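**Student:** Next one to model:
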Amino acid sequence: MPSTVSRRELLAAGVAVGVAGSSGCLDAIRGSSRDRSDERRLRLLLHDESATLREKYVADLEGNRPDWDEEAFAAALDGESYTSQYREPFFARDEPKYAERDGTYYRLGSVVVGEATATRPVLRLASVGRPEELDSVPDHVAHDDLPGTDRRAVKVAQMAARARGNPGGAPRSLVQRGGYVYRGEKPAADSRLLGESGPSHVEYRGRIYAVEVSRETFHEPVYRAEVEPVAESPAEMEAVLRAQFVEGRFDRRDLSEEERSILRAAQGNGGYSESHPYSAAYRSLLKRLGKRAYLDGNVEKDALADSTRHEILRYGDEYHEYWLRFVGTEQ
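**Tutor:** Sure thing, here's the model as predicted:
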């Protein structure tokens, strides 16, 4: 497919060069008529180069996933129904997950099939101070002397304690109800902190914390794992993933030198950015990516610009994650 830089756009760029030349501006090839300090730029950033999409989306359930994912997968392949309370099998909420077994590729997911009620221990901590700051240091247990589950609980609960009154906040994926929730019978049974005779204080990173334990009611979803075959070979799996995730496809032979130059620059640490009006080459790349909403330069809401969201393009035989975002001129 030939470059989407049209003759009309090249003629328009030539006119811009002539106008800019008469005013002494050397930035006309990019259509930049003024350099305002408050002018936004549209940045394109490429990274995470890979030869296949399977590297990113096909999970190794035996190697780096929770045990219950492998259990759910094995049960589904055997035709059994696998359900779990609170823990979502495969955690495919934001992006689909896939796995391979004996040459067949499967899409992994789950659905909510019910609700369960459970009473669980919750650990909360309150900062008392550093030992050298206290008139009297209370009896306490050191973090490093606790069992593994308790060490994790203290680490998470102190994040919540530190965040109280602090605008920095705490990670919501870890902190629940202002502390740490013990889930499962074994972690609770192994704990030193949860018993009636457990320590009243704990030391963590040179600070003493008061221990508070409560048992609270939780209403939790019950999930059923779902596993669906989608491909019978690596090539078929790549086709499935391309159809689902690839937003733009570039053949180097179809690109102009200016377009290739932009893509090379976009692979650097700072990416590539232009202010509006954009050059013909940049406009062409945006069109190829299906991002026409960005073309008029002032439609951040229309373009659904999200600096945390990445998409995927194919450039030659390689895949890249890419971001489009508006930035200030100083960035």
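
**Student:** which element is M159 on?
**Tutor:** helix 148-163 (DSSP states H and E).

**Student:** list the helices and strands that helix packs on?
**Tutor:** strand 104-129, strand 180-181, helix 185-190, strand 201-204, strand 207-231 (3 or more C-beta pairs under 8 Å, 6 or more residues apart in numbering; DSSP states H and E). Just so you know, the C-beta spots here come from the backbone N, C-alpha and C atoms, and that holds for glycine as well.

**Student:** want to try TSV for those, with mean pLDDT, distance to R162 and mean neighbour count as columns?
**Tutor:** Compiled in TSV, these are given as follows (pLDDT from 0 to 100; distance: least, C-beta to C-beta, whole Å; neighbours: other C-beta atoms under 10 Å):
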stretch	mean pLDDT	distance to R162	mean neighbour count
strand 104-129	96	7	16
strand 180-181	97	13	22
helix 185-190	92	23	12
strand 201-204	97	10	21
strand 207-231	96	9	16
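
**Student:** next one: the host helix or strand of E55 to chain centre, how far?
**Tutor:** Assigned by DSSP H and E, E55 belongs to helix 54-57. Centroid separation for helix 54-57 versus its chain: 15 Å, with C-alpha atoms, centre = their mean, to the nearest Å.

**Student:** Alpha carbons of the helix or strand following that helix, as PDB, please.
**Tutor:** Next helix or strand after helix 54-57 toward the C-terminus (DSSP H and E): helix 61-64. Provided in PDB are the C-alpha atoms of helix 61-64 (Å, rounded to 0.1, in the frame of the first residue of the first chain):
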ATOM      1  CA  LEU A  61       0.300 -21.300  34.100                       C
ATOM      2  CA  GLU A  62       2.800 -23.700  35.600                       C
ATOM      3  CA  GLY A  63       5.600 -21.200  35.900                       C
ATOM      4  CA  ASN A  64       4.400 -17.800  37.000                       C
END
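
**Student:** Now helix 61-64: buried residues?
**Tutor:** Neighbour counts using 16 or more other C-beta atoms under 10 Å place L61 of helix 61-64 among the buried residues.

**Student:** Could you list every helix and strand in contact with that helix?
**Tutor:** Against helix 61-64 (3+ C-beta pairs under 8 Å, 6+ apart) you get helix 67-77.
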